[in-house]
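Participant: Sequence and predicted model, in that order:
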Amino acid sequence: MLNLMQLQPGQLLALRDGRKGEVVENMGDGIWVQVRWLDQEGRPLDGGEDELVHCEEVAGLA
């Protein structure tokens, strides 16, 4: 299991639903991280907004 407390901005996450995102901010509570969604090539999605992701949505590091 991934310890969200140790995530740093810039690290890439894989979500259980197949999406990938870059950590923008770690809230420091071990439950929520703010991510920027990435496309298949690892580039930020155009027009995409940063979003909070819950720990149960995270599959691991991408």
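Facilitator: Looks like it came in fine.

Participant: only C-alpha atoms for contact and neighbour calcs from this point on.
Facilitator: Will do.

Participant: so where do the strands sit in the protein?
Facilitator: For the chain, the strands defined by DSSP state E cover 12-15, 20-26, 32-38, 51-54, 58-61.

Participant: So which elements touch the last one?
Facilitator: What it means is strand 58-61. strand 12-15 (3 or more C-alpha pairs under 8 Å, 6 or more residues apart in numbering; DSSP states H and E).

Participant: quick one: average confidence on the strand it packs on?
Facilitator: Regarding strand 12-15, the rounded mean pLDDT is 96.

Participant: roughly how far is that strand from the heart of the chain?
Facilitator: Computed by C-alpha atoms, centre = their mean, to the nearest Å, the chain-centroid distance of strand 12-15 equals 5 Å.

Participant: what's next to it, contact-wise?
Facilitator: For strand 12-15, contacts defined as C-alpha atoms under 8 Å, 6 or more residues apart in numbering pick out Lys20, Gly21, Glu22, Val23, Glu57, Val58, Ala59, Gly60, Leu61, Ala62.
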